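J.: Okay, structure incoming, though there's no sequence with it:
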């Protein structure tokens with residue numbers, strides 16, 4: 001019983017009722033001009049013409065959001081209602097149907113809302129007195145007490161109509177004022193772009209901060225083991241330089257979060273690869289690097305992703321193998337950039353590698369239409385990536 005009465009305690013029930021009744025306010029004014037059938041037909045025709053105006057969808061959408069759904073809009077408890085102008089004729093047609101349906105439903109609900117309380121009064125009067133007024137809904141002679149027992153029934157019917165019509169109107173609004181197929185596709189594409197951007201930012205943070213922390217840990221451990229003040233000074237200098245570069249990368253990534261329209265041209269590219277190589281050398285690794293081809297002419301997206309692949313490859317070497325000889329090859333050919341990083345395979349490692357960093361390398365290459373191989377190769381650990389220039 002309490003559950004059945006709960007809708008009558010919610011403000012949204014009466015806001016929906018108000019939304020329905022408001023639809024007939026201005027058509028009702030025509031009755032003061034002349035009470036004839038053609039006045040209501042004219043009102044319906046004018047509503048249909050108004051529905052063809054693109055901005056009408058905006059007005060109806062805002063009104064429906066405010067009165068039908070309120071703060072619950074977009075939470076999944078109510079249908080989605082858009083507030084953008086009609087673009088296609090299908091959108092205009094749905095707006096016309098919405099206006100006409102709202103008009104018809106408004107007349108029906110308003111009639112019930114006025115007549116049901118009057119009917120309850122007539123029944124109560126007929127049950128308690130010798131009879132009802134001649135113009136009442138119930139006109140009986142004599143005293144019939146059981147009419148008073150029936151008096152609450154019209155009020156119950158009114159409550160059912162108010163709650164039910166509110167749900168029906170909200171459902172219609174979701175179908176007729178909701179997004180079209182093209183709008184849903186556009187929203188889905190925008191959401192996909194946002195998710196891809198977040199994934200890219202997560203990779204940026206993983207590669208940059210992970211590289212800096214790895215270098216710092218390796219340098220600190222080597223300085224403590226060496227016990228040489230000169231080596232310790234060099235290690236601290238390398239940690240400082242790597243940390244400063246990581247902070248710059250972090251600022252760039254956070255800048256993307258703060259300014260979605262900020263250009264990506266400020267991110268490091270393969271032209272800045274010397275910074276990575278020097279950082280690895282400062283960590284104790286012997287790096288044999290060879291860069292051939294016009295690195296500066298590599299397109300921006302390819303060059304930036306290539307830099308991150310090289311960074312993650314060197315990070316993995318320092319993290320898992322330590323200060324070992326590393327051979328780095330960067331070759332820019334006519335149609336692709338080839339990145340190859342090899343180092344002695346650490347003892348006990350035989351799998352192909354399933355960490356998030358290696359997976360990120362393969363995903364970066366795949367997004368550019370290229371490919372990447374990571375894993376053991378002839379006693380060495382290798383990362384081999386081919387990134388097409390076009």
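T.: Noted; the coordinates are in hand. All values derive from a computational prediction rather than experimental measurement.
J.: quick one: residue 324 from residue 278, how far?
T.: 17 Å (C-beta to C-beta, to the nearest Å). Every residue, glycine included, has its C-beta placed from N, CA and C.
J.: Repeat that for residue 22.
T.: Per C-beta to C-beta, residue 22 is found 72 Å from residue 278.
J.: And for stretch 156-172, what's in contact with it?
T.: Contact with stretch 156-172 is made by 7-8, 12-14, 16-17, 19-20, 68-69, 78-79, 98, 101-102, 105, 108-109, 112-113, 116-117, as judged by C-beta atoms under 8 Å, 6 or more residues apart in numbering.
J.: hmm, try it at 6 Å
T.: Residues external to stretch 156-172 that are found in contact with it (C-beta atoms under 6 Å, 6 or more residues apart in numbering): 7, 13, 16-17, 20, 68, 101, 109, 112, 116.
J.: and what of stretch 372-390?
T.: So stretch 372-390 is contacted by 302, 306, 309, 313, 335-343, 345, 352-353, 358, 361-362, 365, 368-371 (C-beta under 6 Å, 6+ apart).
J.: Only the buried subset of those residues, as a PyMOL command please.
T.: Provided next is the PyMOL selection string for whichever of the contacts of stretch 372-390 are buried by 16 or more other C-beta atoms under 10 Å:
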select buried, resi 302+306+309+313+336+337+338+339+340+341+342+343+345+353+358+361+362+365+368+370
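J.: mind listing which of the contacts of stretch 372-390 are in strands?
T.: Mapping the contacts of stretch 372-390 onto strands (DSSP state E) picks out 336-343, 371.
J.: Tabulate those residues (JSON lines), appending distance to residue 91 and pLDDT.
T.: JSON lines is the format used below for the ones in strands among the contacts of stretch 372-390 (distance: C-beta to C-beta, whole Å; pLDDT from 0 to 100):
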{"residue": "336", "distance to residue 91": "46", "pLDDT": "90"}
{"residue": "337", "distance to residue 91": "47", "pLDDT": "92"}
{"residue": "338", "distance to residue 91": "51", "pLDDT": "92"}
{"residue": "339", "distance to residue 91": "50", "pLDDT": "93"}
{"residue": "340", "distance to residue 91": "55", "pLDDT": "93"}
{"residue": "341", "distance to residue 91": "54", "pLDDT": "93"}
{"residue": "342", "distance to residue 91": "59", "pLDDT": "91"}
{"residue": "343", "distance to residue 91": "60", "pLDDT": "90"}
{"residue": "371", "distance to residue 91": "44", "pLDDT": "90"}
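J.: now, the most widely separated pair of the residues you listed?
T.: Greatest spacing in the ones in strands among the contacts of stretch 372-390, by C-beta to C-beta: 336 and 343 (23.0 Å).
J.: which one of the contacts of stretch 156-172 sits closest to residue 320?
T.: Nearest member of the contacts of stretch 156-172 to residue 320, counting by C-beta to C-beta, is residue 68, at 58.5 Å.
J.: Residue 17 versus the nearest residue to the closest one once chain neighbours are set aside, what's the distance?
T.: Nearest non-adjacent residue to residue 68, counting by C-beta to C-beta, 6 or more residues apart in numbering: residue 170, 4.7 Å away. With distances taken as C-beta to C-beta, residue 170 is found 12 Å from residue 17.
J.: tell me how far the host helix or strand of residue 201 is from the chain's mean position?
T.: Assigned by DSSP states H and E, residue 201 falls within helix 181-226. A distance of 19 Å separates the centroid of the chain from that of helix 181-226, by C-alpha atoms, centre = their mean, to the nearest Å.
J.: list the helices and strands the next helix or strand after that helix packs on?
T.: Using DSSP H and E, the helix or strand that follows helix 181-226 in sequence is helix 229-258. Applying 3 or more C-beta pairs under 6 Å, 6 or more residues apart in numbering; DSSP states H and E, we find helix 229-258 packed against helix 181-226.
J.: Please repeat the previous calculation with a cut-off of 7 Å.
T.: Contacts defined by 3 or more C-beta pairs under 7 Å, 6 or more residues apart in numbering; DSSP states H and E place helix 229-258 against helix 181-226, helix 273-282.
J.: Can you report the mean pLDDT over the residues of the longest one?
T.: Spelled out, that is helix 181-226. Helix 181-226 shows a mean pLDDT of 73.
J.: Could you do the last one as well?
T.: Mean pLDDT, helix 273-282: 84.
J.: what does that helix rub up against?
T.: With contact meaning C-beta atoms under 7 Å, 6 or more residues apart in numbering, helix 273-282 is reached by 215, 234, 238, 242, 245, 287, 289, 291, 307, 310-311, 314, 318, 326, 328, 330.
J.: what about that helix, distance to the chain center?
T.: 39 Å.
J.: Check which helices and strands the following helix or strand past it is in contact with.
T.: Using DSSP H and E, the helix or strand that directly follows helix 273-282 along the chain is strand 286-292. Packing contacts for strand 286-292, counted by 3+ C-beta pairs under 7 Å, 6+ apart, involve helix 273-282, strand 325-332.
J.: In TSV, list these along with distance to residue 47.
T.: Converted to TSV, the helices and strands packed on strand 286-292 look like this (distance: least, C-beta to C-beta, whole Å):
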stretch	distance to residue 47
helix 273-282	67
strand 325-332	66
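J.: Switch these over to JSON lines; also include distance to residue 50 and mean neighbour count.
T.: Listed next are the helices and strands packed on strand 286-292 as JSON lines, based on distance: least, C-beta to C-beta, whole Å; neighbours: other C-beta atoms under 10 Å:
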{"stretch": "helix 273-282", "distance to residue 50": "64", "mean neighbour count": "19"}
{"stretch": "strand 325-332", "distance to residue 50": "62", "mean neighbour count": "18"}
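J.: Out of those, flag the one nearest residue 52.
T.: When the helices and strands packed on strand 286-292 are compared by C-beta to C-beta, strand 325-332 sits nearest residue 52, at 58.3 Å.
J.: just checking, what packs against that closest one?
T.: Secondary-structure packing of strand 325-332 (3+ C-beta pairs under 7 Å, 6+ apart): helix 273-282, strand 286-292, strand 336-344.
J.: Let me see the residues that make contact with that strand.
T.: Strand 325-332 is contacted from outside by 270, 273, 277, 280, 285-295, 298, 317, 338-344, using C-beta under 7 Å, 6+ apart.
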